[in-house]
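[1] After the sequence you'll find the predicted model.
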Amino acid sequence: LHRALFGSMERFFGILIEHYGGAFPVWLSPQQIILLPIADRHNAYAHQAAQLLKDAGFRVGVDDSGDRIAKKIRQAQKQKTPYMLIVGDRELESETVSVRLRTEEELGSMDIYDLIDRIREVVEAKKGL
């Protein structure tokens, strides 16, 4: 009897994956946000911003690998992460993040707290991207 439940859970997740093509809505996505620092000197700020987002209750990652930014963006798009936050010199100086959606739409630079409010509204409304 207990195995029947496990089998139906697997089928349920299979249906979800098939329905969304792996591009889950923000509220359901395993990783909602990824921060992409352009260079090593931006890593500390990226981790600081990631901590603020985690404290706000989001599932966040940081790609602090030594890869070029184009490769980091491509990898995040492959993983179908809803929000990509790019951090470079301009963002570091202005204490903002450059926001890009997995749909390739760019929202421009945003204050991290404004972004938290925006994503929270999307998650609470259970809207997709």
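    That came through, no problem. Numbers count the residues shown, from 1 in each chain.

[2] Which residues are in contact with residue 123?
    By Cβ atoms under 8 Å, 6 or more residues apart in numbering, residue 123 lies in contact with 26-27, 32, 58. Just so you know, the C-beta spots here come from the backbone N, C-alpha and C atoms, and that holds for glycine as well.

[3] Then residue 74?
    Contacts of residue 74 (Cβ under 8 Å, 6+ apart): none.

[4] Let me see the mean pLDDT of stretch 98-105.
    Stretch 98-105 carries an average pLDDT of 92.

[5] Separate out the buried members of the contacts of residue 123.
    26, 32, 58 (16 or more other Cβ atoms under 10 Å).

[6] For my notes, please list those residues in JSON lines and give distance to residue 78 and secondary structure for each entry.
    Formatted as JSON lines, those follow (distance: Cβ to Cβ, whole Å; DSSP: H, G, I helix; E, B strand; the rest coil):
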{"residue": "26", "distance to residue 78": "18", "secondary structure": "coil"}
{"residue": "32", "distance to residue 78": "16", "secondary structure": "coil"}
{"residue": "58", "distance to residue 78": "20", "secondary structure": "coil"}
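
[7] Looking at these, which is nearest residue 72?
    residue 32 (16.7 Å; Cβ to Cβ).

[8] Output the buried ones among the contacts of residue 123 as a markdown table; include the columns distance to residue 19 and pLDDT.
    A markdown table is the format used below for the buried ones among the contacts of residue 123 (distance: Cβ to Cβ, whole Å; pLDDT from 0 to 100):
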| residue | distance to residue 19 | pLDDT |
| --- | --- | --- |
| 26 | 16 | 87 |
| 32 | 19 | 95 |
| 58 | 23 | 96 |
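
[9] which one of those sits closest to residue 104?
    residue 26 (15.9 Å).

[10] Show me the contact partners of whichever helix in the chain runs longest.
    Using DSSP state H, we find that the single longest helix of the chain is helix 2-20. By Cβ under 8 Å, 6+ apart, the surrounding residues in contact with helix 2-20 are 24, 28.
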